[in-house]
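# Starting from these lines, generate the structure:
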Amino acid sequence: MSEYGTVQVLIPTPLRRYTNGEAKVASAGESVGDVIDRLNADYPGLKDRVCEADGEIRRFVNVFVNGENVRKLDGAATPVKTGDEIGIIPAMAGGR
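Residues are numbered from 1 along each chain as shown. Next comes the predicted model:
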């Protein structure tokens with residue numbers, strides 16, 4: 001795939017229209033941001049739903065690497081390695 005190791009990315013239902021319905025896709029990169037950039041090359045439009053224009057994760061989107069929220073790590077700069085699993089979780093809102 002690339003010079004970087006392969007990671008698995010879990011795609012939430014609202015974003016699967018960008019991944020041809022796939023719930024899990026493979027990608028690669030040195031960081032979460034790199035992986036999202038590569039995903040966007042394969043699935044145009046995905047990055048705009050996950051990241052702000054400056055590349056940081058959108059406020060109402062949570063991204064996890066192996067179960068750890070990247071906001072508590074290095075955000076989009078959080079490093080990834082072969083075999084890691086990235087989960088993209090849109091924040092839920094509702095109620096009163």
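# from here on, contacts and neighbour counts on C-alpha atoms
OK.
# show me where pLDDT drops low in this structure?
1-3, 92-96 (pLDDT under 70).
# if you set the cut-off to 80 instead, what comes out?
In the predicted model of the chain, residues 1-5, 91-96 satisfy pLDDT under 80.
# which is the next helix or strand following the helix ranked longest in it?
When the chain is scanned for its longest helix (criterion: DSSP state H), the result is helix 32-42. Tracing the chain past helix 32-42, the next element assigned as helix or strand by DSSP states H and E is helix 46-50.
# Show me what the longest helix of the chain is in contact with.
27-29, 46-47, 55-56, 75-80, 86 (Cα atoms under 8 Å, 6 or more residues apart in numbering).
# Can you identify each of the strands in the protein by residue range?
When assigned using DSSP state E, the strands of the chain occupy the ranges 6-10, 24-28, 61-65, 68-69, 85-90.
# What strands line up against the shortest one, and which way round?
According to DSSP bridges, the neighbouring strands of strand 68-69, each with its direction, are strand 61-65 (antiparallel).
# got it, and the longest one?
Using DSSP bridges, the strands paired with strand 85-90 are strand 6-10 (parallel), strand 61-65 (antiparallel).
# Out of the ones you listed, which is closest to A23?
Between A23 and the strands paired with strand 85-90, the shortest separation by Cα to Cα is 5.9 Å, and it involves strand 6-10.
# Near A77, how many residues? Count them for me, please.
15 (other Cα atoms under 10 Å).
# One more: K47?
Taking other Cα under 10 Å as the criterion, the count of residues near K47 is 22.
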